[in-house]
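Trainee: Sequence below, structure please.
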Amino acid sequence: PCQEHLECQSRCCVTNSLSPQKFCTPQTIFLRCLPWRKPLGYSCLEHKECHSSCCAMTENARRSCTSRTIFLQCIPWRKPDMDFCSHHDDCNSRCCIRLVEGGHYRCVQQSGLIRQCLPL
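Mentor: Numbering: from 1, shown residues only. Predicted coordinates:
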């Protein structure tokens, strides 16, 4: 166990598991100290916590380490049509509106010639 880089022969004192305790670890071939990062499925708050560098909202409305797309994008999960929502970004269609006056907001497909978020 260690608390600072200077305590280690390798000059690397980093976390190497889910435990918050730090340990002396070897440097990379580029002489960098890389801390352990969480694998896919682990809860997270920031991208830097994840091995994939992608911390996004998942189906169960919590943030987890997720994989990137083939284009290396980090895209959060979004709700399907007719699910309850509170903001356009909640929906896969990017369209969250009230279907009836005074009703709940729901995700709906964009409509119209230029694909707008309009009431049905």
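Trainee: Residues contacting the lowest-mean-pLDDT helix or strand in the chain, please?
Mentor: Ranking every helix and strand in the chain by mean pLDDT, DSSP states H and E puts strand 55-57 at the bottom, with a mean of 87. By C-beta atoms under 8 Å, 6 or more residues apart in numbering, the surrounding residues in contact with strand 55-57 are 44-47, 49, 63-66, 74-78. Quick note: C-beta positions are derived from backbone N, CA and C, even for glycine.
Trainee: Dump the residues you listed to CSV, plus distance to G102, neighbour count and secondary structure.
Mentor: Listed next are the contacts of strand 55-57 as CSV, based on distance: C-beta to C-beta, whole Å; neighbours: other C-beta atoms under 10 Å; DSSP: H, G, I helix; E, B strand; the rest coil:
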residue, distance to G102, neighbour count, secondary structure
C44, 38, 20, coil
L45, 36, 8, coil
E46, 39, 9, coil
H47, 39, 14, helix
E49, 41, 17, helix
R63, 32, 16, strand
S64, 35, 19, strand
C65, 40, 22, strand
T66, 36, 20, coil
C74, 37, 15, coil
I75, 33, 12, coil
P76, 29, 13, coil
W77, 29, 13, coil
R78, 25, 17, coil
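Trainee: farthest pair in those residues?
Mentor: E49 and R78 (21.6 Å; C-beta to C-beta).
Trainee: Now do V100 against R106, distance only.
Mentor: 10 Å (C-beta to C-beta, to the nearest Å).
Trainee: Looking at those two, which is more packed in?
Mentor: R106 (18 against 9; other C-beta atoms under 10 Å).
Trainee: Give me the below-cutoff pLDDT ranges for the protein.
Mentor: 61, 113-114, 119-120 (pLDDT under 70).
Trainee: Many thanks, we can stop here.
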